[in-house]
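>>> 3D, please:
(one chain, ligands or ions: 2)
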Amino acid sequence: MPVKAVLTDIEGTTSAVSFVFDVLFPYAQAHLPAFVREHSKEPAVAAQLDAVRSESGESGADDERVIGILLEWIKADRKARSLKALQGMVWAEGYRAGQLKGHVYPDAVSALRRWHEQGYGLYVYSSGSIQAQKLIFGCAEAGDLTPLFSGYFDTGSGHKRESESYIRIADSIGLDAEQILFLSDVVEELDAAQQAGMQTCGLVRDGGTLGRHQVVQSFDAIDPASY
Ligand SMILES: CSCCC(=O)C(=O)COP(=O)(O)O
Ligand SMILES: [Mg+2]
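Residues are numbered from 1 along each chain as shown. Ligands and ions are numbered 1, 2, ... in the order given. Next comes the predicted model:
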């Protein structure tokens with residue numbers, strides 16, 4: 001069955017790891033404490049703070065302790081859904097203020113535009129919250145890329161290293177897994193997607209290999225029609 005859709009990771013795939021680690025995470029580290037203090041009573045924020053209390057096992061933690069836990073989690077690159085939701089809210093303020101611009105590699109921008117024109121469905125799967133995904137593509141250096149995408153998936157669909165997540169995503173897209181090409185820079189994610197039946201292509205921007213998956217250094221070398 002031919003490929004009809006492309007599902008892509010963000011960090012290390014469409015976008016530089018350094019943008020996430022050197023720009024987004026430090027921004028969250030700097031602005032999250034004030035954001036929590038200012039908005040902790042708002043239901044959407046309060047729900048995430050409670051989720052942090054529950055996930056950390058510190059049910060009695062006051063807001064200042066929750067801030068401390070969140071800062072530790074940012075340093076450890078913990079993929080907790082509550083942290084990712086709060087980071088998305090903090091980054092939204094940075095994008096709105098023009099302090100952040102989403103990095104998307106030029107070759108990824110061109111390929112996504114070309115594939116969209118060719119009729120492929122384009123989807124994102126990232127540990128970053130769906131809000132954060134829409135921001136990185138919506139406020140990209142190359143302009144608003146969100147019209148190219150038909151859907152976004154975060155860890156609400158399951159962890160990226162578990163094959164069940166990819167089965168759920170294929171169901172939600174409405175295609176057989178084998179009709180979907182998954183792009184990532186992480187071998188465990190490619191393994192999980194392949195186990196679910198998806199086609200895979202690994203991005204190795206600096207060269208190298210990713211297990212036994214086909215790898216490319218740039219989106220220029222990917223042709224979904226060749227799968
Ligand atoms: C959606 S941009 C923020 C990136 C982020 O928070 C993250 O955890 C990246 O995870 P990915 O699954 O895209 O490697
Ligand atoms: Mg990645």
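
>>> Residues of this protein that sit close to ligand 1?
Residues of the chain that fall close to ligand 1, judged by CB under 6 Å from any ligand atom: 9-12, 20, 24, 79, 84, 126-128, 132-133, 136, 160. C-betas here are computed from N, CA, C, even on glycine.

>>> Domain ranges for the protein, per the record?
Following automatic domain parsing, one finds the domains of the chain at 5-16+103-226, 20-96.

>>> now, of the ones you listed, which is deepest in the fold?
domain 5-16+103-226 (a mean of 19; mean count of other CB atoms under 10 Å).

>>> and the end-to-end length of that one?
End-to-end distance of domain 5-16+103-226: 13 Å, with CA to CA, to the nearest Å as the criterion.

>>> sorry, back to before: switch the domains of the chain over to a markdown table; also include mean pLDDT.
What follows is the domains of the chain, written out as a markdown table (pLDDT from 0 to 100):
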| stretch | mean pLDDT |
| --- | --- |
| domain 5-16+103-226 | 98 |
| domain 20-96 | 97 |
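
>>> Let me have those in TSV, extended by distance to ligand 2.
Conversion of the domains of the chain to TSV gives the following (distance: least, CB to the ion, whole Å):
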stretch	distance to ligand 2
domain 5-16+103-226	4
domain 20-96	9
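
>>> Report the secondary structure element holding whichever residue of the chain sits closest to ligand 1.
At 2.3 Å from ligand 1, G128 is the closest residue in the chain, using CB to the nearest ligand atom. Using DSSP states H and E, G128 sits in no helix or strand.

>>> Could you do L181 as well?
Element membership for L181 (DSSP H and E) is strand 180-184.

>>> Most widely separated two among the residues of the chain next to ligand 1?
Maximum pairwise distance in these, criterion CB to CB, is 17.6 Å, between L24 and K160.

>>> what are the phi and psi angles of the residue nearest to A16 when sequence neighbours are not counted?
Nearest non-adjacent residue to A16, counting by CB to CB, 6 or more residues apart in numbering: H103, 5.4 Å away. Backbone geometry at H103, expressed as degrees, to the nearest 10, gives phi -90, psi 120.

>>> From V186, how far out is H103?
18 Å (CB to CB, to the nearest Å).

>>> same deal with S226?
Counting by CB to CB, the separation of S226 from V186 is 22 Å.

>>> In three-state terms, label G202 for me.
strand (DSSP: H, G, I helix; E, B strand; the rest coil).

>>> Bridged to it, which residues?
Counting by DSSP bridges, G202 forms beta bridges with S184, V215.

>>> isn't it right up against R212?
No - with contacts counted by CB atoms under 8 Å, G202 stays clear of R212, the gap being 9.8 Å.

>>> shared neighbours, the two?
Common contacts of G202 and R212, defined by CB atoms under 8 Å, 6 or more residues apart in numbering, are absent altogether.
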